[in-house]
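S.K.: after the sequence you'll find the predicted model.
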Amino acid sequence: MPIVEPTHACLRDVPDRPSTANLEVIGLSTSDDAPNREPVKAIVRASADRTALSLRQIETLHSVLATRSITSTAKLLGVSQPSISRTVKRVEDILKLRLFTKDGKRLVPTQEAMLIFDEVDGIMAQLNGLGRRIARIAGSNEGIFRLGATASVARALVPQAIHALSRKHPELDLFLDVLAVDQMAQYLLNGTGDCLVTIAPDRHPALARRKLGKGQLVALMHRDHPLAKQGPIAAPSLIGHEIICFQSNGPHQRAIQAFLGGVVDIANPKMIVRFTDTAIALAEQGMGVALIDTFSIKGPIGANLLAMPLIDPPQFEVFLQWNSSRPLSRNLDLLADELSRILASDP
């Protein structure tokens, strides 16, 4: 049987004494209809007498059962062999069960001991995993850093920043959620994510924000579009051309309206989309001009598309937001630095 790693170093300093924390608390079955569960019932009866097993005793017993050796357990747990022997004897006294016999120098678990091992083994594995996760969170720049991003910045800008961050901090686990604008506030308020990146910051009073950089509106069109060879495009040049529009309450549509300034009638557009990815896909099909932000075209846009600059384009600002009432992830500043660096490098 393989040697099982002990739970946590911190448990080694816990005194070997009875505890009111019994095995029922950590999830051992006490079902009357479970076969061959007399050892577990014995533990439960012991808990009623305030002599339940402590977590220290459970860890020691689990290690002895896994290694079949007092010596190996002492080395794994960093304590003396007599201390391990005393703990095993104390557990047998509490449970009123014989847990081991000897075959020469080798310990042989009894049937009851192996039933207990089956109950405890999965729980100890969970505790081991929990200990490692806590250590990673406590360690510098470690743990899971969960962040959200709205669609346009999630397309290329945020992935580029995440890539740079992961190269500098390979121990960091990253989780990226792509959010609609109406999901942002709850994402931060309920603690789902540590922060989010957006061009449309939520104005909830509990949410703090930090400006990271700027972008602007550009025109995206098929290579065969009549305006593809014109150069910088002014609003009047779009008269008579199909324009792919966004929802009226979003930052893209407000920027489009500001650019067109009433010169082009978009009161009843033929195509309305919610996300920039959809606008890019429609433009590639030659269905119109997509007026989108420069963040969306930082990644691949397809060989048949051209991004054309606009004359006097409206500006977009990129923000990092977080819940000011919750503890800040130490990785937030690292992400902000990467995003600011990428945005500053744009012409």
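M.R.: The structure has been received and is ready for your questions. Since the structure is predicted, the reported quantities are computational estimates derived from the model, not experimental observations.

S.K.: if you count neighbours, what's buried in the longest strand seen in the chain?
M.R.: Ranked by number of residues, the top strand in the chain under DSSP state E is strand 207-222. For strand 207-222, a neighbour-count test (16 or more other CB atoms under 10 Å) marks 207-210, 212-213, 215-222 as buried. Every residue, glycine included, has its C-beta placed from N, CA and C.

S.K.: can you list the strands that it pairs with?
M.R.: strand 289-293 (antiparallel), strand 305-308 (antiparallel), strand 315-323 (antiparallel) (DSSP bridges).

S.K.: would CSV of the ones you listed with mean pLDDT, distance to residue 184 and mean neighbour count be doable?
M.R.: Output for the strands paired with strand 207-222, formatted as CSV (pLDDT from 0 to 100; distance: least, CB to CB, whole Å; neighbours: other CB atoms under 10 Å):
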stretch, mean pLDDT, distance to residue 184, mean neighbour count
strand 289-293, 96, 17, 27
strand 305-308, 94, 27, 18
strand 315-323, 97, 7, 20
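
S.K.: out of the ones you listed, nearest to residue 191?
M.R.: Between residue 191 and these, the tightest spacing by CB to CB is seen for strand 315-323, at 7.1 Å.

S.K.: just so I know, which of the strands paired with strand 207-222 lies nearest residue 111?
M.R.: Using CB to CB, the nearest of these to residue 111 is strand 315-323, at 53.4 Å.

S.K.: keeping just the C-alphas, turn that closest one into PDB.
M.R.: In PDB, the C-alpha atoms belonging to strand 315-323 read as follows (Å, rounded to 0.1, in the frame of the first residue of the first chain):
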ATOM      1  CA  GLN A 315     -13.000  57.700 -27.300                       C
ATOM      2  CA  PHE A 316     -13.500  54.600 -25.000                       C
ATOM      3  CA  GLU A 317     -11.900  54.200 -21.600                       C
ATOM      4  CA  VAL A 318     -11.000  50.900 -20.000                       C
ATOM      5  CA  PHE A 319     -11.700  50.400 -16.300                       C
ATOM      6  CA  LEU A 320     -10.800  47.900 -13.700                       C
ATOM      7  CA  GLN A 321     -13.600  47.400 -11.100                       C
ATOM      8  CA  TRP A 322     -13.800  45.600  -7.800                       C
ATOM      9  CA  ASN A 323     -16.000  45.400  -4.700                       C
END
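
S.K.: going on from that strand, what's the next piece of helix or strand?
M.R.: helix 332-345 (DSSP states H and E).

S.K.: now do that next one, average pLDDT.
M.R.: For helix 332-345, the mean per-residue pLDDT is 94.

S.K.: and that helix with strand 315-323, angle?
M.R.: 180 degrees (axes from the mean of the first three to the mean of the last three CA atoms, to 10 degrees).

S.K.: follow-up on the earlier one: can you redo the strands paired with strand 207-222 as TSV with distance to residue 332?
M.R.: What follows is the strands paired with strand 207-222, written out as TSV (distance: least, CB to CB, whole Å):
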stretch	distance to residue 332
strand 289-293	23
strand 305-308	31
strand 315-323	6
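
S.K.: so for residue 134, which of the ones you listed sits nearest?
M.R.: Closest among these, using CB to CB: strand 315-323, at 22.0 Å.

S.K.: could you list every helix and strand in contact with the strand or helix carrying residue 134?
M.R.: In the assignment (DSSP H and E), residue 134 maps to helix 111-138. Contacting helix 111-138 under the criterion 3 or more CB pairs under 8 Å, 6 or more residues apart in numbering; DSSP states H and E are the following elements: helix 38-48, helix 55-67, strand 143-150.

S.K.: at 6 Å what do you get?
M.R.: Contact here means 3 or more CB pairs under 6 Å, 6 or more residues apart in numbering; DSSP states H and E; on that basis helix 111-138 packs against helix 38-48, helix 55-67.

S.K.: the strands paired with strand 207-222: which one's closest to residue 188?
M.R.: strand 315-323 (4.4 Å).

S.K.: show me what contacts residue 334?
M.R.: Taking CB atoms under 6 Å, 6 or more residues apart in numbering as the criterion, residue 334 is in contact with residue 165.

S.K.: how close does it get to residue 167?
M.R.: 12 Å (CB to CB, to the nearest Å).

S.K.: who's in contact with stretch 165-184?
M.R.: By CB under 6 Å, 6+ apart, the residues outside stretch 165-184 that reach it are 141-142, 144-146, 148, 150, 154, 162, 187, 196, 200, 202, 334, 338.

S.K.: which among those gets closest to residue 316?
M.R.: residue 200 (9.1 Å).

S.K.: any idea how far residue 327 is from residue 194?
M.R.: Distance from residue 327 to residue 194, by CB to CB: 9 Å.

S.K.: more neighbours, the two?
M.R.: Set residue 327 next to residue 194 and count neighbours by other CB atoms under 10 Å: residue 194 wins out with 23 against 8.

S.K.: who's the closest spatial neighbour of the more buried one, skipping the chain neighbours?
M.R.: residue 329 (4.0 Å; CB to CB, 6 or more residues apart in numbering).

S.K.: what does residue 161 give?
M.R.: Per CB to CB, 6+ apart, closest to residue 161 is residue 338, 4.0 Å.

S.K.: and what of residue 113?
M.R.: residue 99 is the one closest to residue 113 (CB to CB, 6+ apart), at 4.1 Å.

S.K.: how many neighbours does the one you found have?
M.R.: Counted with other CB under 10 Å, residue 99 comes out at 21.
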